[in-house]
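*Asks:* coords below, sequence missing:
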């Protein structure tokens, strides 16, 4: 494999975490690996709700931390929750100075929305449902003006080089359909900020490339993976046949929208005292049950918003319009969809993975903030906080660095992309067997299919990364014989007594579980 040494820090991913870290590393030279044109294809840009922060005088970081711990169903690290929520306000102010046009009140304050499991309205938003896109636009403008940051658009990371337990390089290839032979970039340090794994599922709200590749790549290199089984399913993806599924933001329920079935019954009132604003896992399972029973769950915004939805929530209105739905007169069909991976690459409070030379921020990481059920709008906040923490840690380790020449990479032919048929087989398997409700039989069948797909498609590095993450999620779900947060086992419906424990797996552990299952099923 061709190797290119560089003094630049290599950042894998160009979402919120990657962009913010690159800016905080300046003027140290950075190269960002971005599969799409900058600003496209990142989950951050698709985030509708906003950033959670205790901005109201009646609220406090302590309240925010308490809600975070409570929502996480016993597996949140309270020290991490305290750290992240304590600094949240500073990040809103920093993003504001960078040009993010947050919605403001007449007296200059911030418009705050309440979302599920928050005890206060504390979600800072932009133009109703465009927070992610607008924050990303502001950061991209800053990145474009920062000479120390080079962005390699149209490239994707597929492998890590590890020497004596230390990550020394990242293999990248062209991200087009043909791919290319990989090229190894040996940088000053490596930060993984490449998103989660929602696209491993056939029904997802994630951009098409977000399919667990970064988590799988780190796992294949030997990094410890934590809480892999905890995948959050957003309750109100629009059930209109699109892939990915458009999202009906939780802020609609914060405004008073209700969930009904085909008979007009408002079913959440009988399930949880907070009804539509119950924790996401509760709402997702209730909607899933209605859908499984043939009751066509729908989100009804007609009475509370009417025509106003078209100006207050323009993205949702656009999604409805292109699917022939008028939300002022028609309820919106919804279904749970894979949305956010609470688990991922295990990190300490400094954002370090268990491999030296490797830092992780954003959805690819497992910091201990989200536990078994992420509190709404804590995802963007965590990405910001840990992007800065990682940037400071990298800067302290590499010291001051001189300018590095821009990389000029020539790619050769020879890449092996995954076949669309194999990818879809994996995604359908995950939705059917490792979805909202799981059981041992389905999980075992999924492990068997994943093993078969790996045997048939071992020559595609990007697909092997996807399969590694799928194996970790499924093995973790099989090993956790209880229901907790977003992890629901129909054959183990009770939650184990006492506080929950975080799961930790190396890929070798998960592969051993998979091999044993395959042997038993043969």
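*Replies:* Perfect, thanks for sending it. Predicted, not measured: the structure shown is a model, and the values here were computed from it.
*Asks:* got the buried residues for stretch 45-59?
*Replies:* In terms of neighbour count (16 or more other C-beta atoms under 10 Å), stretch 45-59 has its buried residues at 45, 46, 47, 48, 49, 50, 51, 52, 53, 54, 55, 59. (Glycine included, C-beta is placed from N, CA and C.)
*Asks:* Redo these as CSV? Include secondary structure.
*Replies:* Formatted as CSV, the entries for these read as follows, by DSSP: H, G, I helix; E, B strand; the rest coil:
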residue, secondary structure
45, helix
46, helix
47, coil
48, coil
49, coil
50, coil
51, strand
52, strand
53, coil
54, coil
55, coil
59, coil
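*Asks:* Identify, from these, the entry nearest to residue 77.
*Replies:* Out of the buried residues of stretch 45-59, the one with the shortest distance to residue 77 is residue 52. That distance is 17.1 Å, counting by C-beta to C-beta.
*Asks:* Run the chain-centre distance for stretch 360-377.
*Replies:* Its chain's C-alpha centre lies 8 Å from the corresponding centre of stretch 360-377 when counted by C-alpha atoms, centre = their mean, to the nearest Å.
*Asks:* model confidence over that stretch, on average?
*Replies:* Regarding stretch 360-377, the rounded mean pLDDT is 95.
*Asks:* Does anything pack onto whichever strand or helix holds residue 423? Which helices or strands?
*Replies:* Assigning secondary structure by DSSP states H and E places residue 423 in helix 420-433. Applying 3 or more C-beta pairs under 8 Å, 6 or more residues apart in numbering; DSSP states H and E, one finds that helix 420-433 makes contact with helix 440-456, helix 461-479.
*Asks:* most packed of the ones you listed?
*Replies:* Neighbour counts averaged per stretch over the helices and strands packed on helix 420-433 are highest for helix 461-479, at a mean of 26; criterion: mean count of other C-beta atoms under 10 Å.
*Asks:* Just after that helix, pick out the following helix or strand.
*Replies:* Towards the C-terminus, the helix or strand next in line after helix 461-479, according to DSSP H and E, is strand 504-505.
*Asks:* List the contacts of that next one.
*Replies:* 224, 225, 226, 228, 346, 472, 475, 476 (C-beta atoms under 8 Å, 6 or more residues apart in numbering).
*Asks:* Make TSV from those residues and add distance to residue 358 and pLDDT to it.
*Replies:* As requested, those are exported to TSV (distance: C-beta to C-beta, whole Å; pLDDT from 0 to 100):
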residue	distance to residue 358	pLDDT
224	11	98
225	13	98
226	14	98
228	17	98
346	11	98
472	17	98
475	22	98
476	21	98
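*Asks:* Distance to residue 288 for these - can I get that in CSV?
*Replies:* Listed next are the contacts of strand 504-505 as CSV, based on distance: C-beta to C-beta, whole Å:
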residue, distance to residue 288
224, 31
225, 26
226, 26
228, 21
346, 29
472, 23
475, 23
476, 20
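*Asks:* what is the orientation angle of the helix holding residue 423 with helix 461-479?
*Replies:* Using axes from the mean of the first three to the mean of the last three C-alpha atoms, to 10 degrees, one finds that helix 420-433 and helix 461-479 are set 10 degrees apart in direction.
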